[in-house]
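Asks: show me the folded form of this:
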Amino acid sequence: MKRYYYVITAALLIIAKSVTAQDLKKHNQDRVINVDLKKTAGPLPAMLNACVGAGRAAEGLRADWQQQLAYVRKECGFRYIRMHGLLNDEMAVYAMDENGQPQYNYMYVDVLFDFLHSIGMKPFVELGFMPSALASGPKTIFWWRGNVTPPRDYAQWEKLVQNLVTHFTERYGAEEVKSWYFEVWNEPNLDGFWAGSQADYFRLYTHAAKAIKNVNPAYRVGGPGTAGAAWEPEMIDYCYQHKVPLDFISTHAYGVKQGYLDEFGRSGTVLDKNPASVSGEVLQSRAEITASKMPGLELHYTEWSASYTPADPVHDSYHEAAYVLQKLKQVGSAANSMSYWVFTDIFEEPGPRFTPFHGGFGMLTIQGINKPVFYAYQWLNRLGHTELANKDTSSWICRDSSGNVQALVWDFTNTHPGDSVHNQRYYIRDLPSKTKGNLQLNITGMAAGQYAVELYKTGYGSNDAYTTYLSMGKPAQLNRQQVEQIKQQNSGAPVARTIIAVKENMPFTQTMDIRENDVFLINILKL
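Replies: This is a model prediction of the structure:
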């Protein structure tokens with residue numbers, strides 16, 4: 001559930017001013033970005049593609065899920081992945097024998113984690129939900145029935161966690177597991193996800209943290225994994241006062257209003273007009289940590305997106321790519337990771353889906369079609385590691401060690417008509433974009449010589465799979481040829497490539513028309 005803050009910090013005020021100024025910019029007014037190759041802002045923030053989400057662990061046993069994750073890992077560079085349901089009954093981790101003694105089994109977990117290891121990814125381990133043999137009640141959530149009740153025996157819960165972490169250590173080695181994160185539960189501030197109280201959650205966390213540190217004190221554990229940046233000061237105070245290990249704070253934020261915890265999207269959602277939506281919560285979280293008794297804690301937003309339902313067409317829209325980049329830019333270095341929820345529409349909280357574009361959370365559809373938001377992350381991953389000093393609030397300009405320059409530039413315009421119209425009615429439409437005038441990029445300090453300039457774009461009708469799908473008449477099912485047609489028309493190939501000569505002491509200049517919610521990657525390669 002979202003929180004709204006009425007005490008605006010200086011950082012939030014800066015965001016509000018800069019975004020408002022951009023939103024109010026008159027049409028056809030030029031936007032000019034000036035950078036100097038010799039003036040740098042430091043390393044590009046590593047949090048940009050630190051982590052990505054997935055639905056639940058059992059989905060990770062599917063061949064198509066694994067193929068899509070390997071592709072996203074390669075193209076977008078995500079280093080960690082977080083998902084629900086590691087301890088669900090379908091993963092067969094826990095049972096009781098005829099004498100009432102616990103039995104542990106990690107065969108399915110091993111298949112999943114071995115695959116992650118094989119593609120160079122690390123787990124951001126979410127400990128949940130409760131195995132039914134250990135649960136205190138029958139309450140579950142989602143189509144796949146994750147049990148959300150506290151353990152009936154907290155000592156047995158602790159033994160389960162310690163046994164699991166010991167297994168990880170034996171299989172992957174302590175040095176590897178030291179690089180992982182262990183997050184206790186998911187959104188315990190919501191009744192749907194946790195049938196206990198806050199005190200019950202703190203008890204659950206205490207036993208889990210003790211179990212993890214018993215295996216190795218260097219392993220990292222944190223929480224509370226709440227919705228809407230809740231319980232952060234309470235979590236820190238509890239752990240500080242009771243000397244409970246806490247290495248990081250985790251929480252979630254989404255950019256819509258109403259319809260919370262509605263996996264079917266029936267209540268309707270509305271994209272928030274607040275320019276500090278999502279990013280304001282992240283900055284507030286960082287401020288709360290800084291002001292606490294444990295100011296050095298890491299901050300991980302282990303879920304975030306424009307919307308919190310997997311039935312919201314904003315996820316499929318070209319608007320999502322610019323939205324994501326705008327929020328990441330606003331957050332800056334305030335978070336250690338911002339885990340986009342999720343990488344694929346192979347995601348079954350409401351059960352298997354019946355249409356190819358259904359507003360799913362994913363960056364890819366079930367059939368592996370790239371959505372515009374995929375390109376936002378792919379192009380972030382193509383940026384050089386050194387960020388140039390840049391006053392523009394909607395771009396990153398970077399360079400790499402080979403003398404190449406990359407400019408990722410976008411316009412984010414919230415065109416949503418307001419609270420009277422739900423996203424489920426608005427973003428399913430054909431939504432042509434309006435011009436925002438000319439964009440001019442000026443780069444000084446480039447060495448004289450020949451350069452190849454590649455221009456990539458996503459926006460209305462460009463790497464915009466959903467609009468292509470609309471033009472096909474929104475078929476309820478896509479055959480193989482239709483899938484390939486959509487993929488080919490939205491392949492992410494450059495929209496232009498030219499060879500230019502940069503003369504001594506002359507700036508590089510690129511001018512283009514930019515429209516609402518366009519995203520451009522300008523890749524300048526020294527020949």
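
Asks: any low-confidence regions in the stretch 401-527 of the chain?
Replies: Of all residues in the stretch 401-527 of the chain, none has pLDDT under 70.

Asks: could you pull out the strands for the stretch 251-400 of the chain?
Replies: Using DSSP state E, counting those that start in this stretch, the strands of the stretch 251-400 of the chain run over 256-257, 270-271, 298-305, 337-340, 386-388, 395-399.

Asks: for the third one, C-alpha coordinates in PDB please.
Replies: To tie it back to what came earlier, the one meant is strand 298-305. Extracted in PDB, the C-alpha atoms of strand 298-305 (Å, rounded to 0.1, in the frame of the first residue of the first chain):
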ATOM      1  CA  GLU A 298      22.000  -1.200   2.300                       C
ATOM      2  CA  LEU A 299      18.600  -0.400   0.700                       C
ATOM      3  CA  HIS A 300      17.100  -2.800  -1.800                       C
ATOM      4  CA  TYR A 301      13.800  -2.200  -3.600                       C
ATOM      5  CA  THR A 302      13.100  -5.800  -4.300                       C
ATOM      6  CA  GLU A 303      10.000  -5.100  -6.400                       C
ATOM      7  CA  TRP A 304       9.100  -2.000  -8.400                       C
ATOM      8  CA  SER A 305       7.300  -1.100 -11.600                       C
END
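
Asks: list the buried residues in it.
Replies: Buried residues in strand 298-305, counted by 16 or more other Cβ atoms under 10 Å: 299-305. The C-beta positions use only the backbone N, C-alpha and C, and glycine is treated the same way.

Asks: now that strand: average pLDDT?
Replies: Per-residue pLDDT values over strand 298-305 give a mean of 98.

Asks: contacting residues for residue 122?
Replies: Listed by Cβ atoms under 8 Å, 6 or more residues apart in numbering, the contact partners of residue 122 are 79-81, 116, 176, 179-180.

Asks: quick one: which of those residues is most hemmed in?
Replies: Using other Cβ atoms under 10 Å as the neighbour criterion, residue 81 leads these with 24 neighbours.

Asks: JSON lines for the strands of the stretch 251-400 of the chain, including distance to residue 371?
Replies: Shown next, in JSON lines, are the strands of the stretch 251-400 of the chain (distance: least, Cβ to Cβ, whole Å):
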{"stretch": "strand 256-257", "distance to residue 371": "17"}
{"stretch": "strand 270-271", "distance to residue 371": "16"}
{"stretch": "strand 298-305", "distance to residue 371": "12"}
{"stretch": "strand 337-340", "distance to residue 371": "11"}
{"stretch": "strand 386-388", "distance to residue 371": "26"}
{"stretch": "strand 395-399", "distance to residue 371": "21"}
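
Asks: for residue 192, find the nearest of these.
Replies: Minimum separation from residue 192 across these (Cβ to Cβ) falls at strand 298-305, 14.4 Å.

Asks: now do that closest one: which elements does it pack against?
Replies: Packing contacts for strand 298-305, counted by 3 or more Cβ pairs under 8 Å, 6 or more residues apart in numbering; DSSP states H and E, involve strand 51-56, strand 122-127, strand 181-184, strand 220-226, strand 248-254, helix 279-290, strand 337-340.

Asks: how about the contacts of residue 122, which pair is most distant?
Replies: The two members of the contacts of residue 122 with the most space between them (Cβ to Cβ) are 81 and 176, at 15.0 Å.

Asks: quick check: residue 156 vs residue 134, distance?
Replies: 6 Å (Cβ to Cβ, to the nearest Å).

Asks: same question, residue 168
Replies: With distances taken as Cβ to Cβ, residue 168 is found 19 Å from residue 134.

Asks: next one: residue 95
Replies: To residue 134, residue 95 is 9 Å away according to Cβ to Cβ.

Asks: who has more neighbours, those two?
Replies: Each of residue 95 and residue 134 has its neighbours counted (other Cβ under 10 Å); residue 134 has more, 23 against 15.

Asks: look up the closest residue to the more buried one, ignoring the ones flanking it.
Replies: Of all residues not flanking residue 134 in the chain, residue 151 sits nearest, at 5.1 Å (Cβ to Cβ, 6 or more residues apart in numbering).

Asks: now do the contacts for the one you found.
Replies: Residue 151 is in contact with 130, 134-136, 157, 204, counting by Cβ under 8 Å, 6+ apart.

Asks: elements contacting the strand or helix carrying residue 511?
Replies: Using DSSP states H and E, residue 511 maps to strand 508-515. Identification of packing neighbours for strand 508-515 by 3+ Cβ pairs under 8 Å, 6+ apart yields strand 405-410, strand 435-444, strand 449-458, strand 519-526.

Asks: and the contacts of that strand?
Replies: With Cβ under 8 Å, 6+ apart as the test, strand 508-515 has contacts from 31, 405, 407, 409, 411, 433-444, 446, 451, 453, 455, 459-460, 500, 502, 520, 522, 524.

Asks: over to stretch 321-333?
Replies: Outside stretch 321-333, the residues touching it (Cβ under 8 Å, 6+ apart) are 15, 19, 45, 47-48, 255, 276-279, 282-283, 304-306, 314, 338, 340, 372-373, 375-377, 380, 393-396, 408, 410-413, 458, 517-519.

Asks: how about that stretch: buried residues?
Replies: Buried-residue list, stretch 321-333, by 16+ other Cβ under 10 Å: 321-331.
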